[in-house]
Structure formats: structure tokens, C-alpha cells
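Student: Make a model of this:
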Amino acid sequence: MKPHLLLPLLFSVAFAAQAADPLPPVKEIMGEAVNGWSENPGEGKDYFDAERLNRIYSADFAETYRAAAKFPAYDEGDSPFDYDVIVSGQDSCMLDDLKIEPQAPANGTTDVRVTFDTTHCLGDRAADWKPTELHFMIRQEKGHAVIDDIVRSGEMGSVKEELRAIAEQGAE
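Tutor: Here you go, the predicted model:
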């Protein structure tokens, strides 16, 4: 190979090696959801416990969560949520037909699309039924893939925006 062609090839290989895999933080959270809604849930951890906030979420997301957590949903709790933000509810079947599909990176963010069924045990469904869909917005921070937001389909929208609204309402 000619030397002038080798240098660009080395740079492209080095750049590709630096980009962290966007799937591990998503798989960790979805694994926790599967475990939490299983028939025999084991000891689980909160999606947003302190260790996870520092490890698999972006600094901005973690700061936003901590601001909202100053206003827990329940007097005896420490979470700003009164429902499971991953399954988007309080009642659910075991997660079924889980699919995790990374999309092409754009503007420094990789959208990891996740779909699953949480209503299969509830009987008949509407003809236009669709599985639950989440979009984990993954970016690189300090050489690691981290979750910067979780966007739910429909009216639920962005978890980060919901956290901001909780913090703003609580501060009033």
C-alpha cells in the first residue's frame, strides 16, 4: 500500500475505535425493566440510582434528574416519578418481544430505538395497537456512551423535559 494512502486509513480506524458502543447503557436499563416486570423479579436497582446516574447518564441528564429528585412524587420516596418511566405506566405485563435497534448517528447523537409489548396479558387489543416505543438518545461523554435523554412515543415525550418540568413546578 502506498504511504500516502495508509495515513488516512489509520486515522479512520483510530476514530472508529474511539466511538463507544451505544448499546450497553440501553441494554442495562432494558434489562432492569425486564427483570422488574418479570413474574419473579429479583433484586433490582432504580433506573436512576446514584451509581447509574454517574456512570451511564450524561452529566446534563444526571443534573436534571437530581434537581427534580428534590421534589419526590411520594412523601416516603426519593423519585420524582410516580410511575415506571420505561414501561410508561404503573401496571404492566412482563415485557415481551423486546427489540433494541441503533439508528445511524447524527449530530453527535445515536438514537437507539427500543420496542416492546407490555399489554399481551391484558386480553384483546385495539386493531391499531402498536408496541411501546422508546428512543434512547446516546452521546459520547469522556469516551463513554451515555444516555442523554429517553424519548417516549406519543404525549409522554422526553424524560429530560418531564424532569425539568417537575423541578420548575417544585421550585414554585
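Student: Only C-alpha atoms from now on, for both contacts and neighbour counts.
Tutor: Fine.
Student: Is residue 45 located within a helix, as I assumed?
Tutor: No - counting by DSSP: H, G, I helix; E, B strand; the rest coil, residue 45 falls outside a helix, being coil.
Student: where's it relative to residue 52, distance?
Tutor: Between residue 45 and residue 52 the computed distance is 9 Å (CA to CA, to the nearest Å).
Student: Residue 166 too?
Tutor: Plainly put, residue 166 is 20 Å away from residue 52 if you go by CA to CA.
Student: higher neighbour count, the two?
Tutor: Set residue 166 next to residue 52 and count neighbours by other CA atoms under 10 Å: residue 166 wins out with 22 against 16.
Student: Was I right to think that one contacts residue 70?
Tutor: No - if you go by CA atoms under 8 Å, residue 166 and residue 70 don't touch, sitting 9.3 Å apart.
Student: between those two, what contacts are shared?
Tutor: residue 80 (CA atoms under 8 Å, 6 or more residues apart in numbering).
Student: Confidence-wise, which helix or strand of the chain is lowest on average?
Tutor: Of all helical and strand segments in the chain, the minimum by mean pLDDT, DSSP states H and E falls on helix 3-18, at a mean of 47.
Student: What's the first helix or strand after that helix?
Tutor: Reading on from helix 3-18 to the C-terminus, the next helix or strand found by DSSP states H and E is helix 23-36.
Student: Give me the below-cutoff pLDDT ranges for this protein.
Tutor: 1-18, 41-42 (pLDDT under 70).
Student: got a list of what residue 106 touches?
Tutor: Applying CA under 8 Å, 6+ apart, no residues contact residue 106.
Student: That's all I had, so thanks and see you.
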